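Participant: give me coordinates for this.
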Amino acid sequence: MAKRHLKKLAAPKTWPIKRKDRTFITRPYPGSHSLSMGISLSTVMRDLIKCANTKKEIKSILHDKDLLVDGRKRDDKHMVGLMDVVVIKDTNEHYRMLLDDKGKIAAFKIDASEASLKPSKIICKTKLKKGLTQLNMSDSRNLIVKDDTYKVGDSLLLSVPDQKVKDHLKLENGAYVFLTGGKHIGEAGTVMNIEGKIIKVKLKEGAFETSKEYAFVIGKEKPSISLGKQ
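Facilitator: Here you go, the predicted model:
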């Protein structure tokens, strides 16, 4: 049986929380992201975007459907993670969940025009009958497609909440990637070369090599989404 509680001191290092003010923190429901890349919606509301201070306020906002995650109403324990979009309808504020340069989960403000767009990384693919392929995505979505050109490591630019594929973002030379691990976590740049499990990325301050698994494609030569501001 999954645990229903979580001590702050035991929470992932990616969570941007104070560790000693309270003993426990809301454990998110499992499923949509790994625990290191996701955090409960109530924590996002209270500690990141600061639109509520108490559990009562959080419940009230969610009950009135004034806050949506990827275009849908969610529970306070829903896991919000990398690339998810949080919209506060009452104040017309839009946020994308990213990692900052310290590797912490953060909410970055974005324009309303891109709140319906979300890149999702392909982490597994399975061939089905009748020429169909199932794609398992980084946010636990499963998409059935007829196109077999999609590869593990590529990303799909999806519209939310209807999940229509707007663009296929290939992990290849020239692709624009956001880094989810390593010394340059939270930074973004252009792929210069891919050799086996190593990828060379060009940033403003120069080029470096890192693990290919840290590369999250978000555009072709330039980003398809803005990386926003905290």
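Participant: three-state assignment of residue 153?
Facilitator: coil (DSSP: H, G, I helix; E, B strand; the rest coil).
Participant: wait, doesn't it sit right on residue 216?
Facilitator: No. If you go by CB atoms under 8 Å, residue 153 and residue 216 don't touch, sitting 9.3 Å apart. No exception for glycine: its C-beta is placed from N, CA and C like everyone else's.
Participant: neighbour count: the two, which is higher?
Facilitator: For residue 153 versus residue 216, neighbours defined as other CB atoms under 10 Å are more numerous around residue 216 (23 against 20).
Participant: so the more buried one sits against residue 178, correct?
Facilitator: Yes. Counting by CB under 8 Å, residue 178 is a contact partner of residue 216 at 4.6 Å.
Participant: hmm, which helix or strand of the protein has the shakiest average pLDDT?
Facilitator: Lowest mean confidence among the helices and strands of the chain (mean pLDDT, DSSP states H and E): strand 5-7, at a mean of 76.
Participant: which helix runs longest in this protein?
Facilitator: Once the chain is assigned using DSSP state H, the helix that runs over the most residues is helix 55-63.
Participant: residues contacting the closest residue to residue 84 other than its chain neighbours?
Facilitator: Leaving aside its sequence neighbours, residue 84 sits nearest to residue 97 (CB to CB, 6 or more residues apart in numbering; 4.6 Å). Contact analysis of residue 97 by CB atoms under 8 Å, 6 or more residues apart in numbering lists 44, 80-86, 105-108.
Participant: can you rerun that using 6 Å?
Facilitator: Going by CB atoms under 6 Å, 6 or more residues apart in numbering, residue 97 touches 80, 82, 84, 107.
Participant: enumerate the beta-bridge partners assigned to it.
Facilitator: residue 107 (DSSP bridges).
Participant: that one and residue 209, how far apart?
Facilitator: Distance of residue 97 to residue 209, given as CB to CB, to the nearest Å: 27 Å.
Participant: please apply the same query to residue 197.
Facilitator: 10 Å.
Participant: look at these two and report which has more neighbours.
Facilitator: residue 209 (13 against 8).
Participant: so how far is residue 132 from the residue nearest the centre of the chain?
Facilitator: Nearest to the geometric centre of the chain sits residue 82, at 1.6 Å (CA atoms, centre = their mean). Applying CB to CB, the value for residue 82 to residue 132 is 27 Å.
Participant: now do the SS call for the residue located most distally from the centre of the chain.
Facilitator: Distance from the centre of the chain peaks at residue 130, with 31.8 Å (CA atoms, centre = their mean). State at residue 130, reduced to three classes by three-state DSSP: helix.
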